[in-house]
Structures are given as C-alpha cells and as structure tokens.
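Q: I would like the atomic coordinates for the input below:
(2 chains)
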Amino acid sequence: MSAIPQTGSYLDSGYSLRSWLLTTDHKRIAWLFLLSLTLFFFLGGTAAALIRLELVTPTGDLVGQDTYNRLFSLHGIIMVWFFLVPSIPATLGNFLVPLMIGARDMAFPRLNLASWYLYIIGGLFTFATVISGGVDTGWTFYTPYSSMFSNTHVVLAIVGVFVVGFSSILTGLNIVVTVHRLRAPGMTWFRLPLFIWSTYATAVIMLLATPVLAMTLLLVALERLLGIGFFDPRLGGDPLLFQHLFWFYSHPAVYIMVLPGMGVVSELMAAFSKKAVFGYTYVAFSSIAIAFLGFLVWGHHMFTAGQSMYGSLAFGLLSFMVSVPSAIKVFNWTMTMRKGTLSFETPMLYALGFIGLFTIGGLTGLFLATMAIDVHVHDTYFVIAHFHYIMVGGMVTAYLGGLHYWWPKITGRLYSERWGQIAAVLMFFGFNLTFFPQFILGYLGMPRRYHSYPDEFQVLHVLSSAGAVVLAFAYLLPLCYLGWSLKYGRRAGSNPWGTTGLEWTTSSPPPKYNFEQIPRVDYGPYRYPIVSGTPPTETRHG
Amino acid sequence: MAEDSLPIQFVAPAQRNEAVTLAMWLLLATEALMFGALFLSYLIYRLLFPQTFAAASAQLDSMLAALNTGVLLTSSLTIALAIQAVALRRRALALWLLAATVALGCSFLILKGYAWYTEYQHHLVPLRGFQTDYSALGSGAQMFFNLYFVMTGMHALHLSIGIAVVLVMMAYVAWSDRTAMVTRRVGLAGLYWHFVDIIWVFLFPLFYLVV
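A: Sure, this is the predicted structure:
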C-alpha cells in the first residue's frame, strides 16, 4: 500500500475562494455545507421567531393569516430540507466518514461537491420563492390545496425541494459506497464506530425514499402546469394518493432526520463515559431496524384521512414497533454510563439533553400511533410538540453536541468550555419551555397552523414564546464563541478528549489526505481505558 | 498506451471498479423507487377499476408497442455486444454497435412519438386544453391515461438521457486511448441502458396487454 507525501493541514492547502468553491476535499465540502446550513438554520429560525411573536396575543396583530401561512410554510420547508435532512450527514458525516473508516476521501469527491452545488441551487429556488411572495401550502404541499387552489408560488417551491432532493440522493450514494468499499484493512463492519452505522442507515433511506418524493412533487407540478390530474378527482385522481406517496418519503425522512443524531450520541456516550458502548451489535442493528421499519409506517399520518380501519390498525402496530429499536438505543446509552468514568463537558451535556428530549418525543409518538388518541390530537399542537421534541430536541441537540465534540478536530482550536456548558444547559431549558406547553395546548384542542386563537390559550402561548427567546439565545451563543475560537481559541492537540477512534489519530486539523499511511485496524472502536503508549490503532508500515 | 491515474481515495484499480459499479446499481435502485411510485399508483387503480383498464388498454395500438419492444430489446443486445467489443479493443466494431444502439433508441422514440400522435388524434391525451372523451370507457379511464402518459413519458425521458450517454461513450471509444477507463464507463452506460429497457418490459404488458 503506497504512502503519500505528508502535506500540511487541509485548511492550509489553499486560501483562495476558488480553492474552497472548487474543492473536492470532503473536509472542505463539509465546511461548505456547515456554513450554508447555518445560514438556512437562522433563516428558518427567523420565520419561527416571527411565528412565536405573532402567537403572543390571541388576535392576529403582527401578521395577517396569509403572511402567517407563508411563514410556517417557509419555516417547515427550510428546516426540513435545507437544514435537518442534510444537517449531520452532509457536515459531520462528510467530514468524519472517511476519517473514521481510514480512507483518504469519499468514494466520489466530485459528486460530493456536486451535491453541495445542487443544495445551493435548490436554496436559490427557495430564496426566489420567498422574494416572489412565498408559498402557503405548509411544508407538506398537501393536495388538493397545493394542486388546485393555492395561488402562491407552489411550483417554484417544489422545484427547490426537488433539486435539493437530488443533493440528498448524491450524498447518500457517496456515503453508502464509501462505507462499503473504502474501509481500511482490518476495519470490519463490527469494528465500525456506531456513528458510521447510523449514517450508513440514513444514507440508505436517502437513496430509497427521496426518489419517491421527487416523483410525487413532479406529479403535483404536472397537475398544476399541464392538468394531468393524479390528485384531482375531477380529472380521475385522488388527493389521498398524494398523502400516501408523500409520506412514503416523508416518514422515512423523519429517520433521516434523527438516525445520524443517534449515531453522534452513541459516540459521545462512549467518549465521556470512557467506556465501550453497551451492547454494540444491538445499537448497530437497531439503526438498520429503524431504517427498515421506517418504510412501513407512513399510513399513521392518515388515520383521520379516510384510510381503511384495518390499514390504520396495521400502520399503528408497525409504528409501535419502531419504539423497540429506539428504546434499545436509549437503554444501551444509559447502560454505557453505568460505572463509566463520567465527565460533563459541553458535548456530553448536549448528549444527555438529547436522551431526555428524545425520550419524551418518542413516548409521545406512541400516543400518536394509537388511533383513538390520534383522532383527538390530530393536527393539533400536540403533534407539533411531538415532532419538535424529536427533530429539534433530538437532532439539533445531537448536531450541536457533535459539532462541539469534533470542533477541535475540524478547526484545530478549542472553544470556551464554560460558554459551551452555559449554551447547552440554556438550550435544554429553553427548549422545554418552548415546546412542553404545546403538548398541553394540543391536548386542550389548539389546532396547528392558526394565527389567532381563543383567549384561554394565551398563557400557554406566552410561555412557549418566552421559551423561544431563551432558545434563540442558546442557538446564537455557539455562533459567537465557536466563531471566536476560530481565531483566538487555544490550539487543540490531536486528541484533546483522550478518546478512541481513527479520526483522533490524525493531527488537528487533519492533513489534506487524512492518512499518510492507510492505517491497519486491529481493534473495535471503543477500546477503553486507553493505555498510554499504545494507541488504539497501529499504523502498518511499508 | 496512456492509463488514467488512480484517484487518491482508492488503493487499487479493482477497488475503484467495485465502487463505481456499486454506485451505478445504487443509482438504478433510486430510479426503480422513483418509477415505483408510479407503478404503485397503477396497481391501486388497476385493482379498483379492472374492467375500465381493460377497455382503455384496447384503445392503444398494441402491435406498434410490440414492435417497439422488439426494437428496444435488440438495442440491449447491441449495447451488450458493444461492451464486449470495447473490452476486446475492437474499436471499429464497438463504434458500429454503439451507433446501432443509438439508432434503435431513436427509432423507439420516433415510433413512440407516432403512437402518442395517434392517441392525440383519438382524443385520449389528458392535458389541459386538449379535448378528451373517456365516457365510453367507464370511470377510472382518465387515470389510466394519466398513468400511461406520465409513465411512458418518464420512460422516454430516461431513454433520451440514455441515448445522450451512449453518444458520449462513442466519443470516448473513438478518441480515447485510456482503455480501462473507456471499458469501465461503457460498462456503466450499458447497465443504465438495460435498466431503461427493463422499465419498458414492465410498461408493455401493464398498458398494452390488459384483459
């Protein structure tokens, strides 16, 4: 196996704009995604802030209902497709997959860059939608409203999502091929870090679910533009067909949006307990099980849509089954901490926050999979609170935890631990204050997507909006101190946390091609305690 | 003979060949799921309206479609032979076979276009502004034609992409001396071509042979 001449860090391999925009280095592409995702996160967050501000009073005094509809549609479209779906796979995944499996890059570096450009083109269409007046269908584009009635820029928004879907497919393709074909010698499947298992499962869902979304959105566009009525009963179609096709993508997409977070938390649990993850194979296969079951539960979105009762029964049961692999993960994480050498640095605080919030989100999911309860809380704030606990409380928390954990590797700098801990704790409280009242609101009957509401709901809405202020602050803080650390942070050593994993055997930041010699792997991923003098992996010479 | 250098992420040419082949199969799996959404819709409506689907199917020209099936299957043969010819470095033969593939693909599109034109003349095209009359066929007939035009249209789009890809492959075969690279890429193009072919093999009985 040939050695390559050692180069400087990937950050020093060129400073021009061109060296970034035309890079094929997976680590630089991770940065491109990181920056553009952050931009979209705050854009979607601004829409959320306006929504919460409007809901402080029962009447529509900040924005009217038309603007409100555009705001929550924009919030949903941006947060789902331009932040959550690519969040961990395209940033941490891109950066870490080759490093963790002992490869010098992704299998298809140019395709990787193309994926970012598709993301940006999709983003431009979304910007164009906003500038030309927005879209008011909600992120789900439900027919017949989207196909027959909405007078907003539905096709423009759909094109944006269609294009960004291909970005997601290409990222998934790259990850699957890389994990299959580029593992270092000795890196067997059961020596892979659990982050790789969950990212791999995610990539498979991206490959198999996203094309169905693409076709579904294409059919909506064909109906609006050419009058081919797949979803219009007057033209022979059926609006419910849209819901089936849409959720065939969008329910698996929920697992695209949480599985990578679970992978990050597995890594963090091992790292800050200084202990191997309890029941490695179970955690690994639970990712695959979630990915598989995720394809069989879409019908639980249509309990009230006139679907057959027996169909709903089957979908409800299958939805319950998803909780089994999810619970395996939660129990194994807690068992990992047992008798571990625990420390509570920032990433661990985020990871613990994830476990708490994900558990609440998961358990309320069981309520919703129960038909009788779902009929009562369908399309209420209960549903909103449930999926925000998973998506924001789960995925965004894990994303931030992972970003903090690998930040010294990515940048070569240490951030302020104190500020990090403050932000993590603040996020946990802000999040609960924002979304817990929404469970109660929903149970009391507050429907989603309304800009005005009866007076008796005001106290809970004000609490929720107050929480949103705290949450916004907690999300802005990392932007400040992580940004600060880029220039002023102390230099990080190659392994500042004293943890295992091939990525920590490289310098911080890693060299351009990651490994001078492709490492030879002789151990599993979590070989604690680390005995000084024997690195967890050896380098094969010659 | 100049060979293409191995990119930094691969340690051996075999590893690269495995990676690109796997990637093409994954891409085809993605495509299969994309068509899958339409096949599923077809299945639902066929089960709901079996008689209508048979009556609507009788409106289509199945002889023309059978001829087209023959054309497309022959093109799969020519591209399979072309892959062998490239591997054996028989450049002229490979070029002829690829040209035959393109010609057969184009013939398919022309015949398909003619079929669509006849259907337009019979008022079967469910586009906005077009006059249609399905009343004789029973309810569900319009969805049959919605599905028919979208699915055959998507197939024709994929075939057009395939033709463009094969034209690029002809340029490689004609002008490139990097045999390993050309062999690899023509092989991948062949996989894609066969996939588009197989989609038609499913479309043909679903739309033309309903009884």
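Q: use CA for all of it now, contacts and neighbours both
A: Noted.
Q: Residue 159 sits in which helix or strand?
A: Went with chain A since none was named. In this structure, residue A:159 sits in helix A:154-181 according to DSSP states H and E.
Q: not what I meant, chain B
A: Here residue B:159 is assigned to helix B:141-175, by DSSP H and E.
Q: Chain B contacts on the stretch 201-350 of chain A?
A: Contacts of the stretch 201-350 of chain A with chain B, taken as CA under 8 Å from any CA of the partner chain, map to A:207-209, A:211-212, A:214-216, A:226-230, A:235-237, A:241, A:245.
Q: try 10 Å this time
A: Contact residues (CA under 10 Å from any CA of the partner chain) of the stretch 201-350 of chain A with chain B: A:204, A:206-216, A:219, A:222-231, A:233-238, A:241-242, A:244-246, A:248.
Q: Would you mind checking the average pLDDT for the helix or strand that residue A:332 is a member of?
A: For residue A:332, the element it lies in under DSSP H and E is helix A:309-337. The average of the pLDDT scores along helix A:309-337 is 96.
Q: helices or strands up against it?
A: When contacts are defined as 3 or more CA pairs under 10 Å, 6 or more residues apart in numbering or on different chains; DSSP states H and E, helix A:309-337 sits against helix A:259-273, helix A:280-294, helix A:346-369, helix A:371-377.
Q: Same list (these) but as JSON lines, adding mean neighbour count, mean pLDDT and distance to residue A:522.
A: Shown next, in JSON lines, are the helices and strands packed on helix A:309-337 (neighbours: other CA atoms under 10 Å in any protein chain shown; pLDDT from 0 to 100; distance: least, CA to CA, whole Å):
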{"stretch": "helix A:259-273", "mean neighbour count": "27", "mean pLDDT": "97", "distance to residue A:522": "19"}
{"stretch": "helix A:280-294", "mean neighbour count": "21", "mean pLDDT": "97", "distance to residue A:522": "17"}
{"stretch": "helix A:346-369", "mean neighbour count": "23", "mean pLDDT": "97", "distance to residue A:522": "28"}
{"stretch": "helix A:371-377", "mean neighbour count": "16", "mean pLDDT": "93", "distance to residue A:522": "50"}
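Q: Reformat those helices as a markdown table; add distance to residue A:188.
A: Shown next, in a markdown table, are the helices and strands packed on helix A:309-337 (distance: least, CA to CA, whole Å):
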| stretch | distance to residue A:188 |
| --- | --- |
| helix A:259-273 | 18 |
| helix A:280-294 | 13 |
| helix A:346-369 | 27 |
| helix A:371-377 | 43 |
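Q: how about the ones you listed, which one is nearest residue A:124?
A: helix A:259-273 (26.1 Å; CA to CA).
Q: What angle do helix A:346-369 and that closest one make with each other?
A: Counting by axes from the mean of the first three to the mean of the last three CA atoms, to 10 degrees, helix A:259-273 lies at 140 degrees to helix A:346-369.
Q: how far does helix A:259-273 sit from the chain's center?
A: 14 Å (CA atoms, centre = their mean, to the nearest Å).
Q: Please apply the same query to stretch A:22-36.
A: Worked out by CA atoms, centre = their mean, stretch A:22-36 lies 17 Å from the chain centre.
Q: same thing with stretch A:136-148?
A: Average the C-alpha atoms of stretch A:136-148, do the same for its chain, and the two points are 24 Å apart (CA atoms, centre = their mean).
Q: Using CSV, list the CA coordinates for it.
A: In CSV, the C-alpha atoms belonging to stretch A:136-148 read as follows (Å, rounded to 0.1, in the frame of the first residue of the first chain):
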residue,chain,number,x,y,z
ASP,A,136,-48.7,29.0,1.7
THR,A,137,-49.2,25.2,1.5
GLY,A,138,-47.2,24.2,4.5
TRP,A,139,-44.1,22.1,4.1
THR,A,140,-46.2,19.0,3.2
PHE,A,141,-47.7,20.5,-0.1
TYR,A,142,-51.0,18.7,0.6
THR,A,143,-53.3,18.3,-2.4
PRO,A,144,-55.9,19.4,-3.5
TYR,A,145,-54.8,22.7,-1.9
SER,A,146,-51.4,22.8,-3.5
SER,A,147,-52.5,21.5,-6.8
MET,A,148,-55.8,23.2,-7.4
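Q: re earlier: now list the buried members of the residues of the stretch 201-350 of chain A next to chain B.
A: Buried subset of those (neighbour count, 16 or more other CA atoms under 10 Å in any protein chain shown): A:204, A:206-216, A:219, A:222-224, A:227-231, A:235-238, A:241-242, A:244-246, A:248.
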